[in-house]
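Enquirer: what shape does this take:
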Amino acid sequence: MEKFLPERNLLCKSPCKMKKYMRLLLWIRFVSWQKNGDAAKKNFAGRIVFGARFFPACKYCIRSVRNTKFQKRLLEWFDKNDRSLPWRGEQDPYKIWISEIMLQQTRTEAVKGYYARFLERFPDAGTLADSALDEVYKLWEGLGYYSRARNIHRAAQEIVTKYDGNLPRSAEGLLALPGIGNYASGAIASIAFGERVPALDGNQVRVLTRLFSIHTPIKTPMDLYPLALSNMPEERCGDYNQALMDLGAMVCLPKKPRCAQCPVQDFCRAYAEGCAEKLPIKAEKPEKKAEQRGVAVVICKGRVLVRKRPEKGMLAGLYEFPGFVNARDAASVKECLAEMGINAVFKGEICTHEHVFTHRIWKMKGFWFEAGECGGEWEWADRQMLEKACFPSAMKPFWEFAYKKTGI
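Expert: Okay, here's the model as predicted:
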């Protein structure tokens, strides 16, 4: 049986940008070398590096940009083994959109319950657009990355005002909506509208780097866009994208890939080379900055001190308890509260809690205070407000403590 082994260092026959760029460089070299000698050669070498940096996947493209045997084998496997998911088989672009945004940076199992509850409350873009953002936040509570909820709300309003309540029918149009990036636009456009466009998530990146045995660090999934597009079929594009995702989720695992169960094993260069588990090679990420923070749960007459964060920036629009960077003991936290105009008595420590964000880590220690007067510029929330307000996951143990105290 023919194996799907890409020829390295060959430009594909498709009219990709890299090929046009290289042709231009060759013409520049021919003209400039005659005039400028060694200086022109050095400049040309720099341009080659520039081209490789911005179009790295092109050197992995194969001569034939369609491999029907590979596509057929993958889709046959998908037809028999596709995962049973609440959104699988869905044709409503709105529901596909909601599922794809929820699935970003969140485990599939965790999304299932949220997806059902969200659609029950917001069955269409119009209902979502007319709702209050705080209500959207509350239904999103626990999923994390709250900017997704904020962008879904903004996008729903644009869909209603600009597109008569219907999502744009192309990846390009979807990209114009808040919170929809390259992956989501590709997934929605291919699944809902059949557009031939890749949807490069972590699973697809892993599968492609192993199929082609790519040992170059992958800085962004878009590095593989030309390669992914060149190997897509003309039909069943949504199924093809989902098949690659399922293959990565069920068989081509990050650790201990199940190569013996892989339906496209004989097409895989990494398997043939015995290096599948070593791929993909990820680009080094900067070390996350750790912040020491003291968190104050201040109780006054059955209420607790809270504030709503600004509508822009980290954890935008969510509620929080007073938190102070580098305040590591009760005395330091009490001093910070006094600067806010809150005169409080320290009652005891609550707990320590660590929360990891995308670019930083909060190492928190909670302190319980009692105040005689409910003053200051922040809000004093009762139990009912605590139930309705949306707090980030980072505040969960302190919220639970405050909830108990406000009920006394």
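
Enquirer: could you list the low-pLDDT ranges of the stretch 201-350 of the chain?
Expert: Along the stretch 201-350 of the chain, the model assigns pLDDT under 70 to no residue.

Enquirer: all the helices of the stretch 201-350 of the chain, in order from the start?
Expert: 202-211, 225-230, 237-250, 269-273, 330-339 (DSSP state H, counting those that start in this stretch).

Enquirer: grab the nearest non-local neighbour of Asn203.
Expert: Gly248 (2.7 Å; Cβ to Cβ, 6 or more residues apart in numbering). C-beta: built from backbone N, CA, C; applies to glycine.

Enquirer: please tabulate the helices of the stretch 201-350 of the chain in TSV, including the columns distance to Leu315 and mean neighbour count.
Expert: Listed next are these as TSV, based on distance: least, Cβ to Cβ, whole Å; neighbours: other Cβ atoms under 10 Å:
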stretch	distance to Leu315	mean neighbour count
helix 202-211	24	23
helix 225-230	32	22
helix 237-250	30	22
helix 269-273	40	18
helix 330-339	19	16
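
Enquirer: how about these, which one is nearest Arg258?
Expert: Of all the helices of the stretch 201-350 of the chain, helix 237-250 sits nearest to Arg258, with 7.9 Å by Cβ to Cβ.

Enquirer: what angle separates the closest one from helix 202-211?
Expert: Here helix 237-250 points in a direction 80 degrees away from that of helix 202-211 (axes from the mean of the first three to the mean of the last three Cα atoms, to 10 degrees).

Enquirer: so what does helix 237-250 touch, helix or strand wise?
Expert: helix 68-81, helix 182-193, helix 202-211 (3 or more Cβ pairs under 8 Å, 6 or more residues apart in numbering; DSSP states H and E).

Enquirer: of the ones you listed, which is nearest Ser393?
Expert: helix 202-211 (21.3 Å).

Enquirer: which residues are in contact with the closest one?
Expert: 4, 6, 198, 214, 218, 221, 224, 227-228, 241, 244-249, 252, 254, 257, 264, 267-271, 276, 279-281 (Cβ atoms under 8 Å, 6 or more residues apart in numbering).

Enquirer: tell me the angle that helix makes with helix 182-193.
Expert: 100 degrees.

Enquirer: angle of helix 202-211 against helix 68-81?
Expert: 140 degrees.

Enquirer: how far does helix 202-211 sit from the chain's center?
Expert: Helix 202-211 has its C-alpha centroid displaced from the chain centroid by 16 Å (Cα atoms, centre = their mean, to the nearest Å).

Enquirer: hang on, the earlier thing: for the helices and strands packed on helix 237-250, which one sits closest to Glu354?
Expert: Among those, if distance is taken as Cβ to Cβ, the winner is helix 202-211, at 24.1 Å.

Enquirer: C-terminal to the host helix or strand of Glu100, what's the next element?
Expert: Element membership for Glu100 (DSSP states H and E) is helix 93-103. Using DSSP H and E, the helix or strand that follows helix 93-103 towards the C-terminus is helix 108-121.

Enquirer: please identify the buried residues of the helix or strand following that following helix?
Expert: Following helix 108-121 in sequence order, the next helix or strand is helix 125-130 (DSSP H and E). Of the residues in helix 125-130, 125-126, 128-129 count as buried by neighbour count, 16 or more other Cβ atoms under 10 Å.

Enquirer: can you count the residues close to the nearest residue to Arg88 once chain neighbours are set aside?
Expert: Residue nearest to Arg88 in three dimensions, not counting chain neighbours: Asp82, with 6.4 Å by Cβ to Cβ, 6+ apart. Using other Cβ atoms under 10 Å, the number of residues around Asp82 comes to 16.

Enquirer: tell me who's in contact with Asp82.
Expert: Counted by Cβ under 8 Å, 6+ apart, Asp82 has contacts 88, 242-243, 246.

Enquirer: please redo it, this time with the cut-off set to 7 Å
Expert: 88, 242, 246 (Cβ atoms under 7 Å, 6 or more residues apart in numbering).

Enquirer: Val333 now?
Expert: Counted by Cβ under 7 Å, 6+ apart, Val333 has contacts 294, 296, 324, 327, 367.

Enquirer: hmm, the second one is touching Phe367, no?
Expert: The reference is to Ala296. Yes: assessed by Cβ atoms under 7 Å, Ala296 is found in contact with Phe367 at 5.5 Å.

Enquirer: ok, the nearest residue to Arg206 once chain neighbours are set aside to Cys275 distance?
Expert: Of all residues not flanking Arg206 in the chain, Gly248 sits nearest, at 5.1 Å (Cβ to Cβ, 6+ apart). Noted for Gly248: a distance of 17 Å to Cys275, by Cβ to Cβ, to the nearest Å.

Enquirer: and for Val297?
Expert: 52 Å.

Enquirer: and what of Thr108?
Expert: The value you get for Thr108 to Cys275, if Cβ to Cβ is used, is 28 Å.

Enquirer: same thing with Leu318?
Expert: 44 Å.

Enquirer: now Ile350
Expert: Ile350 is 49 Å from Cys275, by Cβ to Cβ.
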